[in-house]
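Colleague: After the sequence you'll find the predicted model.
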Amino acid sequence: MTSQRFLLILVTGFATTSTLAAAQASVKVEPLNLQGPRHLGDQSQAAVVRDYLHAWQSFRAALEQNQPELLEADFVGTARDKLASTVKQQGEQGIRTQYQDRSHDLQILFYSPDGLSIELADKVEYDVQVIDHDKVVTTQRESARYLVVLTPAEVRWKVRVFQSVPE
Amino acid sequence: MISRHPVLVAVLAFAAAHLAFAQGERMTLQKVIEAGSGFSIQSAGSGKATLYLIGPGDVLKRDVQLGQSTAFSPGSLCNAGHYLAVLTGDSFTETGSFDVVPTNNPANLSFIAKPSRLPVGLRDGITGAVYVFDGYHNLIAAPAPVSFELSTTSGAVQKHATVSREGAAWTAMDSTAEQGADKFVARIGDVSSTRIVGQVPGDPCGLKMSARQDGQEVQLTTEPVRDCHGNAVPDGTIVTFTETYSGAQSTIDAPLKRGIAEATMQVHRGATFSVASGVVMGNQIGWAK
């Protein structure tokens, strides 16, 4: 890739029964601003971005359907445990939430020297719809800056930390 | 169509302004809440309503009495993140947002040290990376001083102080000249995490053998094999003895036993004996007899 700044458009298609319009999220990847001595190749960068965006689909599906097992493919450790707990809380209270990401502005921040973790920041815009016993309570457009740590699994990067911080 | 009805436009504008104002009046929120701390949300008006706090980390739902403060006890929201607050009654829905932030007290370090075993004397051979978390496993993004310390069994210490950035910090250190199990410690405040890094002897250095004839054979014996830092190379390391003569060559691979390697080879007139271990060459001995 001649430039490290590129634009991806999600073309994976969101198969969903959501009442939110399932649009394609725009994705922008900022130039690398890495701390750490390890070089991050273009292929690795693309894989991390791809797997992170895929994790958003799993996140969305799990909270929309209240099925924590949908997190397994893309989340691990603390991130999986916390999201699964949220799904459980939702289920107990008859709540579902739909998170529809609209845009991502990504920057990879840290590639650990051992190659076993990557941290990125994501300025994400998303719609969140709250549904209580099949009644839509509200739909809001929100923006947040997420810090995400991914670690390699067998065939993909999995999200280990998934946390927004004040912008 | 709307532009043809200026009164309708004015009514809609007034209604929008009124709603925007009302949204600010129904609910008073703290914009930032520390994870795990108690907080309250004040509502205005009268009657009953439902309050939702919605985020990827926690979801809470409470029946509330409008006009009163709804208290959330410590531990209600422990997971840092961006939250939506929704107050809904019979005829209104008001929303707001707030952030739950990590506590300022690091409580956990996720510390990865690599490798767990390596040869002595490698520059930047040992790396460590940490992520800093609070007691609720929230990543603490605020910069914090982190120190790394690598100490040998004899007490020699390497130190590196740095500051975490977006919750992460790292270091690279040299493996020392001394074999043994070193302690690699990452520390932030009173919180530390320790890994053991095994340092093993490096490649043989100054490999040297001697030869002694015994009839038609020659006994080849190395001196005790050590690395360049004087550490004994472990038994089992293969040493290769080679005899070259009249365009022919024969070799014997012998493992180190008690620090030395031995081999017995046939004597050939004009032969040359050499010794090597891996890519490290030792001395040669010419045999004129």
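Modeller: Noted; the coordinates are in hand.

Colleague: how long is stretch B:256-264 end to end?
Modeller: By Cα to Cα, to the nearest Å, the extent of stretch B:256-264 from end to end equals 14 Å.

Colleague: now it: mean pLDDT?
Modeller: The average pLDDT for stretch B:256-264 rounds to 94.

Colleague: Give me the buried positions along that stretch.
Modeller: Buried residues in stretch B:256-264, counted by 16 or more other Cβ atoms under 10 Å in any protein chain shown: B:256, B:261-263. From N, CA and C alone the C-beta is placed, and that goes for glycine too.

Colleague: Go through those residues and flag which are in helices.
Modeller: Among the buried residues of stretch B:256-264, none falls in helices (DSSP state H).

Colleague: of all those residues, which comes closest to chain A?
Modeller: Of all the buried residues of stretch B:256-264, residue B:256 has the smallest distance to chain A: 31.3 Å, by Cβ to the nearest Cβ.

Colleague: ok, that closest one - contacts?
Modeller: Contact partners of residue B:256, counting by Cβ atoms under 8 Å, 6 or more residues apart in numbering or on different chains, are B:222, B:225, B:233-239.

Colleague: which of those residues come close to chain A?
Modeller: When contact is defined as Cβ under 8 Å from any Cβ of the partner chain, the contacts of residue B:256 do not meet chain A at all.

Colleague: Got a PyMOL select line for the buried ones in those?
Modeller: In PyMOL, this line selects whichever of the contacts of residue B:256 come out buried by 16+ other Cβ under 10 Å:
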select buried, chain B and resi 222+225+233+237+239
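
Colleague: What pLDDT is listed against the closest residue to residue B:76 other than its chain neighbours?
Modeller: Nearest residue to residue B:76 in three dimensions, chain neighbours excluded: residue B:60, at 6.6 Å (Cβ to Cβ, 6 or more residues apart in numbering or on different chains). pLDDT for residue B:60: 96.

Colleague: Same check on the one 4 residues further on?
Modeller: The score at residue B:64 is 95. That number is its pLDDT.

Colleague: got it, and the one 3 residues further on?
Modeller: Residue-level confidence at residue B:67 comes out at 93, pLDDT.

Colleague: ok, it touching residue B:28?
Modeller: No: with contact defined as Cβ atoms under 8 Å, residue B:67 does not reach residue B:28; the gap is 11.8 Å.

Colleague: residues bridging contact with these two, i.e. touching both?
Modeller: Joint contacts of residue B:67 and residue B:28 (Cβ under 8 Å, 6+ apart) are B:43-44.

Colleague: Let me see the backbone angles for residue 50.
Modeller: This is for chain A. Per-residue torsions, residue A:50: phi -60, psi -50 (degrees, to the nearest 10).

Colleague: was after chain B, sorry
Modeller: phi -120, psi 130.

Colleague: Tell me what it is bridged to.
Modeller: residue B:63, residue B:88 (DSSP bridges).

Colleague: neighbours of it, just the number please.
Modeller: 15 (other Cβ atoms under 10 Å in any protein chain shown).

Colleague: How about residue A:116?
Modeller: Using other Cβ under 10 Å, the number of residues around residue A:116 comes to 13.

Colleague: Same check on residue B:48?
Modeller: If we define neighbours as other Cβ under 10 Å, then residue B:48 has 10 of them.

Colleague: quick one on the thing from earlier: which ones among the buried residues of stretch B:256-264 map onto strands?
Modeller: Using DSSP state E, the subset of the buried residues of stretch B:256-264 located in strands is B:262-263.

Colleague: related to what we said a few turns ago, for the contacts of residue B:256, could you give me TSV that also reports pLDDT and secondary structure?
Modeller: Shown next, in TSV, are the contacts of residue B:256 (pLDDT from 0 to 100; DSSP: H, G, I helix; E, B strand; the rest coil):
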residue	pLDDT	secondary structure
B:222	96	strand
B:225	95	coil
B:233	91	coil
B:234	88	coil
B:235	91	coil
B:236	92	coil
B:237	92	coil
B:238	92	strand
B:239	94	strand
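
Colleague: between the contacts of residue B:256, which is closest to residue B:165?
Modeller: residue B:234 (40.4 Å; Cβ to Cβ).

Colleague: Quick check: closest non-adjacent residue to residue 102.
Modeller: Unless you meant another one, I'm taking chain A. The spatially closest residue to residue A:102, leaving aside those adjacent along the chain, is residue A:125, at 4.4 Å (Cβ to Cβ, 6+ apart).

Colleague: My question was about chain B, not that one.
Modeller: Spatial nearest neighbour of residue B:102, chain neighbours left out: residue B:138 (3.7 Å); criterion: Cβ to Cβ, 6+ apart.

Colleague: for the one you found, what are its contacts?
Modeller: Counting by Cβ under 8 Å, 6+ apart, residue B:138 touches A:163, B:35, B:78-80, B:101-103.

Colleague: what's the pLDDT at it?
Modeller: According to the prediction, residue B:138 has pLDDT 98.
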